[in-house]
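**Student:** Provided below are the primary sequence and the corresponding predicted coordinates.
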Amino acid sequence: MKTNDILSKKQKLILELLKRNNIDKLKDFINSLETPLYFLNSTNFDLLTLALSLNCSFYIIKLIYNRCNYKTLNYLVKDIYHLYDMSNHKDETIVNYQNSLEVLMDSNNNVKSPLLVSLEFSDFQSVEFLINKGADMYFKINGKYILEILREENLLTMRKLNFLLKNGFSLKKFKIERLSNFEFKYIKKCLENFVFDTNFIKYLLNLYKNKSGISKRKFNHRVNNEINKIEIPMELYLKYLDRKDYKKVEYLYKYYGTEKTRSFKDFILFYLNYFDRNFNKKSFYDFFNFIINNENTFPFSKEYAINENETIIINKKLKLVELIKNNNNLKLETFFKNNNYILHCLYSSKSEILNLINEYNVSSDIVDILRKYFLI
């Protein structure tokens with residue numbers, strides 16, 4: 001059965017008027033009705049959400065809102081829009097919107113709310129209007145927040161997030177754990193909006209304005225209170241640590257709290273070991289190389305990092321000598337494959353390798369393996 005077959009005559013008429021975006025004819029139609037406009041609404045036909053999806057003018061949006069007597073804007077509408085045949089519509093803009101909407105509806109089981117639709121189409125005037133009329137930015141659809149749905153639909157932009165933050169969206173109600181799959185720029189923006197927020201800035205400005213003195217201890221206490229407003233979930237640290245995206249781990253570390261430095265060091269070392277999936281110390285070596293080669297705020301000194309990597313190299317050399325000495329070609333081949341990342345650090349010259357060969361009277365198979373990896 002086609003969707004048009006299950007629409008009433010009046011629903012079909014108003015749908016055509018909304019497609020044309022003509023407010024005068026829409027008003028005439030509404031005034032001609034013998035029953036209130038909201039009688040046309042149903043679980044799968046909602047005038048406000050439909051007008052938003054068709055990119056109707058803001059005046060039409062307000063007209064429908066006022067005439068339909070909505071008690072709440074936090075409701076769901078199912079199975080609409082994308083089934084309407086608009087292939088013959090003259091307005092290409094409307095057709096393009098409709099084609100886009102079909103994809104959007106399919107991505108969330110064909111369930112929408114007015115605020116979600118207005119955000120999908122970047123209709124910021126309507127977004128602000130809906131929020132001011134009570135649309136909840138934390139309203140869940142199929143167990144997901146609107147922000148999460150926008151991300152899944154690949155429709156989240158920094159402009160949309162900034163707009164929501166400006167209108168009161170905050171990590172106070174939206175748990176940061178739910179941002180774990182978001183691009184880092186969105187995580188960073190939400191954190192910066194929540195920690196060291198407007199109230200903190202006003203506090204500093206008042207100190208300056210009133211020329212009020214403040215002790216270093218009191219100031220540090222106030223800063224720590226701001227940092228402790230939020231606790232970064234360990235999953236976020238682990239996500240970027242595993243990816244070797246150390247700059248992002250470092251950024252998140254500033255929200256960890258200076259009094260917890262010791263526990264953070266233990267945490268990093270524990271999970272570097274956990275991520276050492278090939279048991280070759282590469283996770284440690286890469287992380288400490290980052291510490292050595294970059295200015296950073298991690299609680300590891302460059303001296304510590306250098307010592308750790310030197311210890312790794314010494315142990316690798318000892319293992320290599322042992323395998324050569326024992327003429328164990330299979331284990332030697334495996335060793336080279338697993339430790340290819342560090343071979344350049346083990347021996348700096350061909351003469352050193354030749355000395356090893358002569359010292360331990362190795363087999364021809366071992367010589368071939370050494371030649372392959374050290375090009376002797």
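**Tutor:** All right, it came through fine.

**Student:** give me the phi and psi for the closest residue to Lys281 other than its chain neighbours.
**Tutor:** Among residues not flanking Lys281 along the chain, Ile312 sits closest, at 4.9 Å (CB to CB, 6 or more residues apart in numbering). Quick note: C-beta positions are derived from backbone N, CA and C, even for glycine. Main-chain dihedrals, Ile312, degrees, to the nearest 10: phi -60, psi -50.

**Student:** now Phe45
**Tutor:** phi -150, psi 110.

**Student:** need the pLDDT of it.
**Tutor:** Per-residue pLDDT puts Phe45 at 90.

**Student:** and what of the one 4 residues further on?
**Tutor:** Note on Thr49: pLDDT of 94.

**Student:** now do Lys319
**Tutor:** On the pLDDT scale, Lys319 gets 95.

**Student:** hmm, Phe335 and it touching each other?
**Tutor:** Yes - under the criterion of CB atoms under 8 Å, Lys319 makes contact with Phe335 at 6.6 Å.

**Student:** more neighbours, these two?
**Tutor:** Phe335 (21 against 15; other CB atoms under 10 Å).

**Student:** does the more buried one touch Leu323 like I think?
**Tutor:** Yes - with contact defined as CB under 8 Å, Phe335 reaches Leu323; the gap is 5.8 Å.

**Student:** ok, back up a step: so how many other residues sit close to the residue nearest to Lys281?
**Tutor:** 19.

**Student:** now do Cys345
**Tutor:** 15.

**Student:** next: Glu295.
**Tutor:** 6.

**Student:** surely it is within a helix?
**Tutor:** No - Glu295 is assigned coil when assessed by DSSP: H, G, I helix; E, B strand; the rest coil, not a helix.

**Student:** return the distance of it relative to Phe287.
**Tutor:** 15 Å (CB to CB, to the nearest Å).

**Student:** ditto for Ile366
**Tutor:** Distance, Ile366 to Phe287, by CB to CB: 32 Å.

**Student:** repeat for Lys185
**Tutor:** 23 Å.

**Student:** ok, these two, which is more surrounded?
**Tutor:** Ranked by neighbour count (other CB under 10 Å), Lys185 and Phe287 place Phe287 first, with 24 against 10.

**Student:** which residue is the nearest non-sequential neighbour of the more buried one?
**Tutor:** Leu272 (5.8 Å).

**Student:** list the buried ones in whichever helix or strand the one you found is part of?
**Tutor:** Secondary-structure element containing Leu272, defined by DSSP states H and E: helix 261-274. By neighbour count on 16 or more other CB atoms under 10 Å, the buried set for helix 261-274 is Phe264, Phe267, Ile268, Tyr271, Leu272.

**Student:** again, but for stretch 284-297
**Tutor:** For stretch 284-297, by 16+ other CB under 10 Å, it's Phe284, Tyr285, Phe287, Phe288, Phe290, Ile291, Ile292, Asn296.

**Student:** list the contacts of the first one.
**Tutor:** Contacts for Phe284 were tallied using CB atoms under 8 Å, 6 or more residues apart in numbering; they are Leu272, Asn273, Asp276, Glu308, Asn309, Ile312.

**Student:** now the last one: how far from Lys211?
**Tutor:** Noted for Ile312: a distance of 54 Å to Lys211, by CB to CB.

**Student:** do the fourth one as well
**Tutor:** If you measure Glu308 against Lys211 using CB to CB, the figure is 48 Å.
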